[in-house]
Every structure is written in structure tokens, then in C-alpha cells.
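**Student:** how does the following fold in three dimensions:
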Amino acid sequence: MTKEAVRLEKLWGGEFGDAYTLRNDPDKRRSVFWNALLRETKPKNVLEIGCNLGGNLRWIAEKLSPKNVYGVDINESALVKLKKRLPGVNALWAQARELPFRDGFFDLTFTAGVLIHQPSESLRRVMNEVVRVSSRRVLCLEYFSPKIEEIFYRNHQGALFKRDYGGLYQEWFPELSLKKSGFLGKNRGWDDVTFWLFEKGQKKR
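**Tutor:** Numbering: from 1, shown residues only. Here you go, the predicted model:
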């Protein structure tokens, strides 16, 4: 793995990540999106990669049994807070590039503002893990740009990238079929992200 990926993991796992956790309390308005998505997809179990405090998982845990809701993160303090807020939810420390689950274990896997913090060298590996552990659907909620655009993020270079993540999923993983996409703005509890919902099938030859 590249030094850049390791550098960013240390950044998010340390005081920088702790500060992010303190200033990012879950927004209640996100419930509208999650309630509609869960009604449509009816997953048996769900994994969020980069779950932080559980601002997304809280709505999922209201519809599914908490034992079927999983979140992984590399920031220990965020996981401690998540376990207190959402007892019964499976909150685990894990790197996005090496998830501790077997192939196809989850009905739905997703990231929300996590791929944007992956360097180019490790991005495909992380996305492969998201796809690998899903049996049915992959959801991506990230900042969009038609071409790669680096944003100087809180005095750090190489820490945030806008891209066409939906396009990359379709290019790199032919087994995914796009079912829905859209934009979620600040007025809906999101930070102006684009979402893509994919259904997983057999690889196209």
C-alpha cells in the first residue's frame, strides 16, 4: 500500500479525525432519504464503510434489527461514541481497503463522504472492497466532479478529491447496474453530495 494511503489513515485515525467527530453531529433531516431508500431496497443487513458517529446508521437501525447493522471506521473515539449512541449495532475498527468480511456478506454496502478522502493509488482497492462484500446493492454518496478536482481541506493537501465516483464504479465494476442517482443538498441534511445506487449482478464479458 502507498505511503499516501497510510498517511491519510493515520490522519483520520488521530486528532484530526477526533476533531471531525466533534464538529459533525448527525443531522435529523437525513431520515427522509434513508426511510425512502430502505422501503425501496428492503435490505436484510447493511454495512457503512467510514461510519464515524453513526449519523446514517441511526436511521437504518430504526428499520432493521441493530444486530444486522454494521459500521466500520479507523477512528477509535468515533466508534466508542457510536456504541453508546446505538447499542447493539456492530461497530468495528477496520481499514476501508481491507474489510474483515467474506464476499457478498451484506445486502447493501455504502460510503458517504469517504471515497473523497482516498488517494488515487488506493481508491480502486477501497471501491473493490465495497463491491466485494455486497451481494445485492452498492450505494455511493460523495462529492461529484466530472474530472478529478483536489480541494485544499483544513490545511491539508491530498486529503479531499471530487470525482465522478459513479462513473468509476461503472467503469471498473461491470457487474454493477445503475438504478438511481441524484443530488442531496444542505437543505436535506447533506453536504451537497451526489448519490448513485447500483444493483450487483454477474460480471459482463
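**Student:** helix, strand or coil for the most centrally placed residue in the chain?
**Tutor:** In the chain, the centroid-proximal residue (Cα atoms, centre = their mean) is Thr111; its distance is 1.2 Å. Assigned by DSSP: H, G, I helix; E, B strand; the rest coil, the conformation of Thr111 is strand.
**Student:** tell me what the longest helix seen in the chain is packed against?
**Tutor:** Using DSSP state H, we find that the single longest helix of the chain is helix 120-132. Applying 3 or more Cβ pairs under 8 Å, 6 or more residues apart in numbering; DSSP states H and E, we find helix 120-132 packed against helix 3-13, strand 46-49, strand 106-112, strand 134-142, helix 165-172. C-beta: built from backbone N, CA, C; applies to glycine.
**Student:** re earlier: what's near enough to touch the residue nearest to the centre of the chain?
**Tutor:** The neighbours of Thr111, taking Cβ atoms under 8 Å, 6 or more residues apart in numbering as the test, are 48-50, 96, 130, 139-142.
**Student:** let's see that with 6 Å instead.
**Tutor:** Neighbour list for Thr111: 49-50 [criterion: Cβ atoms under 6 Å, 6 or more residues apart in numbering].
**Student:** that one pairs with what?
**Tutor:** Using DSSP bridges, the beta-bridge partners of Thr111 come out as Cys140.
**Student:** now it: how far from Asn56?
**Tutor:** Applying Cβ to Cβ, to the nearest Å, the value for Thr111 to Asn56 is 10 Å.
**Student:** for Pro174, same thing?
**Tutor:** When Pro174 is compared with Asn56 (using Cβ to Cβ), they lie 27 Å apart.
**Student:** give me the more crowded residue out of those two.
**Tutor:** Higher neighbour count among Pro174 and Asn56: Asn56, with 27 against 13, using other Cβ atoms under 10 Å.
**Student:** mind listing what the closest residue to Arg136 other than its chain neighbours touches?
**Tutor:** Nearest non-adjacent residue to Arg136, counting by Cβ to Cβ, 6 or more residues apart in numbering: Asp107, 4.8 Å away. By Cβ under 6 Å, 6+ apart, the residues touching Asp107 are 43-45, 136.
**Student:** if anything else comes up later, I'll come back, but that's it for now.
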